[in-house]
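Asks: I would like to see how this sequence folds:
(one chain, ligands or ions: 1)
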Amino acid sequence: MSRFVLIESGEELSAETEGRLRDAGGPVALRLLDEEPPFHEYPILYVEAPMVTRRARGLVLCRATDGYALRAAGEVPDGALARVVALEQRSTVFPVGRAPLRWLQPRWLARALRVCEILNRFHHPLTPPIFLGSADACIEGVRAKYGNPVEVSEYRRQALGGAEPEELEFVRAHVKPGGRLLVIGCGAGREALDFARAGHRVTGIDLVPAMIEAARQLAREAGLAIEFRVRSVTDLDEPPGSYDAVYLGSPLHHIPGRAQRIAMLARIRRALSPDGVLLVIVAYRDCRPWSRSRLVDVLRRVGARVLGPGRVSEPGDGWMREVSQASDPQTVIFFHDFDGPDDLRGELERAGFAGGEVKPGWWVCRPSGRVP
Ligand SMILES: C[S@@+](CC[C@H](N)C(=O)[O-])C[C@H]1O[C@@H](n2cnc3c(N)ncnc32)[C@H](O)[C@@H]1O
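Replies: The predicted structure is shown next:
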């Protein structure tokens, strides 16, 4: 059984929202929330009501005991809601409502799409990318994506909801009371506002001017004295020892190139007091040994040897489509996934940090004696 979200409204498909499929008068985009083999690689579906007849071919979205399911039209009993007209994977939309894809049974359809997708990548090498373009262009792409007014208003909405309890506890446990805390990639101030409420002296930086404007406005309204600045963490140039703590989340994933990430971490280290602390929250990539990403990694290693370092993308590099529920999935931005704790530890140590995880992906690091 699967769960789906109506992409346009952000609501989950349920008995209350099913009517939107009928009322739309055309295809409706749904996101698959959990994996339904064999379609877990096609997380966006376009469906169109009304339902086809029992004898029809193709894929159908239907009601199931605990949610919804995709079935071959020929097998569809009662509870069918809409026929699937297209499936989207990353940058590619497959029109499965039309022949010849429409004639395939789901298990053959999944295989056929996989072949189409691989062939498609020869002229559209999007994910994972072998060539990324310049680092500056990647960062500009990140700025443009988060600078989209739709993202700014979504992050503003999230900022009104405040930081998660685990985030507050993480900072409370590792930053001294009233300490000077730099929040990198503060967005509209979701965590920064609550860290200031907890008594820390907070500075927030972000790449996107509109995010900083939203954060300043929320701080003013809340009567909080927080310094917000437009700045890329790659250009961080604070006097040594300016902060007792630095809080770093997703911007670390948006910096292309191991060398550039290490240089950026070294800048953070300089900005910290000698007994300061760097708190990092990251996600690790989860891919199987024979996945496409691993095969592309082999090509990348070969490419780096033949063309020289910095000419091709690195293992873990990829594109990201959605940075919030409101994202336009057509605009992709750079995202680097770490392979696991050892991968990240290597970068932190090269930048002069020592530390470890307090739980998966949550790191507490301190400047080590080793100056990079
Ligand atoms: C996923 S959002 C998180 C925003 C905020 N921390 C929150 O949780 O609501 C990531 C933020 O990092 C910012 N960002 C990305 N790359 C950055 C960079 N190189 N320097 C500074 N900020 C960056 C983006 O503009 C965006 O606002």
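Asks: contacts, neighbours, all on C-alpha from now
Replies: Fine.
Asks: what sits up against stretch 361-372?
Replies: 174, 266, 269, 274-284, 341, 350-358 (Cα atoms under 8 Å, 6 or more residues apart in numbering).
Asks: Could you tell me which residues of the stretch 201-350 of the chain lie near the ligand?
Replies: Counting by Cα under 6 Å from any ligand atom, the residues of the stretch 201-350 of the chain lying close to the ligand are 205, 206, 207, 208, 231, 232, 233, 234, 250, 251, 254.
Asks: The stretch 51-200 of the chain too?
Replies: Close to the ligand, as judged by Cα under 6 Å from any ligand atom, the stretch 51-200 of the chain has residues 143, 146, 155, 184, 185, 186, 187, 190.
Asks: Tally up the residues packed near the residue of the stretch 251-372 of the chain found nearest the ligand, please.
Replies: Distances between the stretch 251-372 of the chain and the ligand by Cα to the nearest ligand atom are smallest at residue 251, namely 4.1 Å. By the measure other Cα atoms under 10 Å, the count of residues near residue 251 is 22.
Asks: List the residues that contact the closest residue to it other than its chain neighbours.
Replies: Excluding the flanking residues, the one nearest residue 251 by Cα to Cα, 6 or more residues apart in numbering is residue 185, at 5.9 Å. The neighbourhood of residue 185, defined by Cα under 8 Å, 6+ apart, consists of 204, 205, 206, 207, 233, 248, 249, 250, 251.
Asks: and the closest residue to residue 98 other than its chain neighbours, which of the three is it?
Replies: Distance criterion Cα to Cα, 6+ apart; nearest residue to residue 98, sequence neighbours excluded, is residue 85 at 7.4 Å. Assigned with DSSP: H, G, I helix; E, B strand; the rest coil, residue 85 falls in the strand class.
Asks: Tell me if I'm right that residue 85 and residue 97 touch.
Replies: Yes: counting by Cα atoms under 8 Å, residue 85 sits close enough to residue 97 to count as a contact (4.0 Å).
Asks: and the residues of the stretch 51-200 of the chain next to the ligand, which of them are in strands?
Replies: residue 184 (DSSP state E).
Asks: of all the residues of the stretch 51-200 of the chain next to the ligand, which comes closest to residue 66?
Replies: Residue 66 lies nearest to residue 155 out of these, by Cα to Cα, at 31.8 Å.
Asks: How about the closest one, nearest residue that isn't a chain neighbour?
Replies: Nearest one to residue 155, counting by Cα to Cα, 6+ apart, is residue 188 at 5.8 Å.
Asks: ok so, going back, contacting residues for the residue of the stretch 251-372 of the chain closest to the ligand?
Replies: Contacts for residue 251 (Cα under 8 Å, 6+ apart) come out as 184, 185, 233.
Asks: returning to what we had before: dump the residues of the stretch 201-350 of the chain next to the ligand to JSON lines, plus pLDDT, distance to residue 333 and secondary structure.
Replies: Below are those laid out as JSON lines (pLDDT from 0 to 100; distance: Cα to Cα, whole Å; DSSP: H, G, I helix; E, B strand; the rest coil):
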{"residue": "205", "pLDDT": "98", "distance to residue 333": "20", "secondary structure": "strand"}
{"residue": "206", "pLDDT": "98", "distance to residue 333": "16", "secondary structure": "strand"}
{"residue": "207", "pLDDT": "97", "distance to residue 333": "14", "secondary structure": "coil"}
{"residue": "208", "pLDDT": "97", "distance to residue 333": "14", "secondary structure": "coil"}
{"residue": "231", "pLDDT": "97", "distance to residue 333": "18", "secondary structure": "coil"}
{"residue": "232", "pLDDT": "96", "distance to residue 333": "16", "secondary structure": "coil"}
{"residue": "233", "pLDDT": "97", "distance to residue 333": "17", "secondary structure": "helix"}
{"residue": "234", "pLDDT": "95", "distance to residue 333": "17", "secondary structure": "helix"}
{"residue": "250", "pLDDT": "92", "distance to residue 333": "13", "secondary structure": "helix"}
{"residue": "251", "pLDDT": "96", "distance to residue 333": "12", "secondary structure": "helix"}
{"residue": "254", "pLDDT": "95", "distance to residue 333": "8", "secondary structure": "helix"}
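Asks: Now, of those, which are buried?
Replies: Buried residues within those, counting neighbours by 16 or more other Cα atoms under 10 Å: 205, 206, 207, 208, 231, 232, 233, 234, 250, 251, 254.
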